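>>> give me the fold of what follows.
(2 chains)
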Amino acid sequence: MERKTKVHAEDGKQELQITREFDLPVELLFKAHADPEIFEQWMSHEYGTTKVLKLESKNHGSWQFQTKDPQGNVVFGANGVFHEFVLDRKITRTFEMENTPFDVQLEFLEFEKLTDETSKLNMHIVYKSVALRDQILKMPFASGLNMAHNRLQDIVSKLK
Amino acid sequence: MDLRRDVFQAIADPTRRAIIALVALQAMTPSAIAENFDSSRQTISKHIQILTECELLKQEQTGREIYYHFNPKKMKEIADFIEPFRNLWDDRFNKLEAIMKKYKSKK
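Numbers count the residues shown, from 1 in each chain, chains lettered A, B, ... in the order given. Purely as a prediction, here's the structure:
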């Protein structure tokens, strides 16, 4: 199957772009990011159930979610604030992985209407440094998969 | 054999990516890996075998146990790092799309 999601990361830059076209009206694409129950569904997988602890969909609101493995251990947690929350158009937020030494990242999500039934998401992520961006990309799948915090801490301290 | 393509095929599967994520953090025995999944031991063994064949995992004998290590040399270019990251987001977004299509037809 063709991968519809594109990731653009230039060498030596501390940012990356993720773009994806959806076979969905832009309102529904946006809703999937703003509605806690829907967000939980698409951020869960067979080895982890995601629970939204907080999702204040407004300017200066904050958010937090946790992913637990089938045994109930928290394997991933993240939180941040919405700097800007513009219905059906834009979300500017910070993203911080909990219990990791990784510095917070800044994310710009732009929701674009293509036709009545299709839309596009453009995510622009800015990291504190080039090294941090590369490290997060090199940690396989650091941004959300099955990841016990203490183990993550271990491996990252070894990398330093 | 096109090894590079095999690496990409290996990491296209979400369970195999999860296995790499676990082992990258800490060398693990096959049974310790399998405990993290609902799938059968046999299924997980098959995944481990594929990852070992394309050298993403390395075996090491420690006493009576076999431990699996992650072999980052197989993913050394930035493009290689991006591929699993892209797959992760692609899986998520595919799921989002499927959920919202259902949501739309319910309304």
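
>>> who's in contact with B:Tyr68?
By C-beta atoms under 8 Å, 6 or more residues apart in numbering or on different chains, B:Tyr68 lies in contact with B:23, B:27-30, B:33, B:48, B:52, B:57-60. All C-beta atoms are positioned from the backbone trio N, CA, C, and that covers glycine.

>>> ah, wrong one, I meant A:Leu121
So A:Leu121 contacts A:18-20, A:22, A:29, A:109-112, B:93 (C-beta under 8 Å, 6+ apart).

>>> what strand or helix carries it?
Counting by DSSP states H and E, the element that carries A:Leu121 is strand A:119-126.

>>> A:Lys13: neighbour count?
13 (other C-beta atoms under 10 Å in any protein chain shown).

>>> now it, nearest residue through space, not along the chain?
Excluding the flanking residues, the one nearest A:Lys13 by C-beta to C-beta, 6 or more residues apart in numbering or on different chains is A:Val130, at 6.5 Å.

>>> quick one: the one you found from A:Leu137, how far?
For A:Val130, the distance to A:Leu137 (C-beta to C-beta, to the nearest Å) stands at 11 Å.

>>> flag every residue of chain B that's near chain A.
Within reach of chain A by C-beta under 8 Å from any C-beta of the partner chain, chain B has these residues: B:14-15, B:17-18, B:20-22, B:24-26, B:36-39, B:70, B:72, B:75, B:78, B:81-82, B:84-97, B:99-101, B:103-104.

>>> among those, which are located in strands?
B:Phe70 (DSSP state E).

>>> which of the residues of chain B next to chain A count as buried?
Neighbour counting over these (16 or more other C-beta atoms under 10 Å in any protein chain shown) leaves B:14-15, B:17-18, B:20-22, B:24-26, B:36-37, B:70, B:75, B:81-82, B:84-97, B:99-100, B:103 as the buried ones.

>>> just the buried ones from the contacts of A:Leu121, in PyMOL syntax?
Per 16+ other C-beta under 10 Å, the buried members of the contacts of A:Leu121 correspond to this PyMOL selection:
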select buried, (chain A and resi 18+19+20+22+29+109+111+112) or (chain B and resi 93)
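
>>> I'd like the contacts of A:Leu121 laid out as CSV, including pLDDT.
Formatted as CSV, those follow (pLDDT from 0 to 100):
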residue, pLDDT
A:Ile18, 94
A:Thr19, 95
A:Arg20, 95
A:Phe22, 94
A:Leu29, 94
A:Leu109, 97
A:Glu110, 98
A:Phe111, 97
A:Glu112, 97
B:Phe93, 94
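
>>> output the contacts of A:Leu121 as a markdown table; include the columns secondary structure.
Shown next, in a markdown table, are the contacts of A:Leu121 (DSSP: H, G, I helix; E, B strand; the rest coil):
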| residue | secondary structure |
| --- | --- |
| A:Ile18 | strand |
| A:Thr19 | strand |
| A:Arg20 | strand |
| A:Phe22 | strand |
| A:Leu29 | helix |
| A:Leu109 | strand |
| A:Glu110 | strand |
| A:Phe111 | strand |
| A:Glu112 | strand |
| B:Phe93 | helix |
